[in-house]
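Enquirer: Build me a model:
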Amino acid sequence: MIFSRKSDYGFRALVYLAERKAKGPVTLNEIAERLMIPRAFLSKILQQLAKKGVVRSLKGPSGGFVLAVDPAELTIQEILAEIDGPTRVFECFASSSDCSLYGDCLMRDVFGEVESEISRILANYTLADFRRDKSTGVAPRPAGNTTA
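Expert: Below is the predicted model of the structure:
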């Protein structure tokens, strides 16, 4: 399974905003330049996240983007779902209307379990788990609980 470039950019932008939450709004240009994300593409992603209530866009000379939610309350699963929709191994697993073989599919049970495990793991990590250690500048390994 490969997550989209849109999810990659959106997730990285949210991590950046979480790291700078206490400093106030961050401009689109700063995020785009720092993370090497095309400005126009990032703008669309952040607008989408603003409509979903994940970020807030502030206008004016001291404006920019800020997180609208607590990083500890936003799971990686929720972020990816807000950007790209539900995690799917194969698109046809969504419902019987998506595939004429849905009811007789030999792969659905196994790959449905794969989807469930991916979702479970992503739900164990929040945006707060991806902060850098201030003393070393290194991102620590997230401490999410992945035990069953």
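Enquirer: Distance check, D104 against V89.
Expert: Taken as CB to CB, to the nearest Å, the spacing of D104 relative to V89 amounts to 18 Å. Where you see a C-beta, it was placed from the backbone N, CA and C, and this is true even at glycine.
Enquirer: More neighbours: which of those two?
Expert: V89 (16 against 8; other CB atoms under 10 Å).
Enquirer: now the more buried one, what's its secondary structure?
Expert: Using DSSP: H, G, I helix; E, B strand; the rest coil, the secondary structure recorded for V89 is coil.
Enquirer: For it, give its distance to G103.
Expert: V89 sits 18 Å away from G103, going by CB to CB.
Enquirer: likewise L122?
Expert: As for L122, its distance to G103 is 28 Å (criterion: CB to CB).
Enquirer: tell me which residues of the helix or strand bottoming out on mean pLDDT in the chain are tucked away?
Expert: The helix or strand with the lowest mean pLDDT-type score in the chain, counting by mean pLDDT, DSSP states H and E, is helix 108-123 (a mean of 88). Buried residues in helix 108-123, defined by neighbour count with 16 or more other CB atoms under 10 Å: R108, F111, E115, I118, S119, L122.
Enquirer: Next one, pLDDT for V69 please.
Expert: At V69, the pLDDT value in this model is 95.
Enquirer: count of neighbours near K51?
Expert: Tallying neighbours of K51 according to other CB under 10 Å, which is how burial is gauged here, yields 11.
Enquirer: For the remainder of this discussion, apply numbering that starts at 619.
Expert: Let's use 619 as the start, then, which means that last one is K669.
Enquirer: rewinding a little: relative to P689, which of the buried residues of helix 726-741 is nearest.
Expert: The shortest gap between P689 and any of those belongs to L740, at 15.1 Å (CB to CB).
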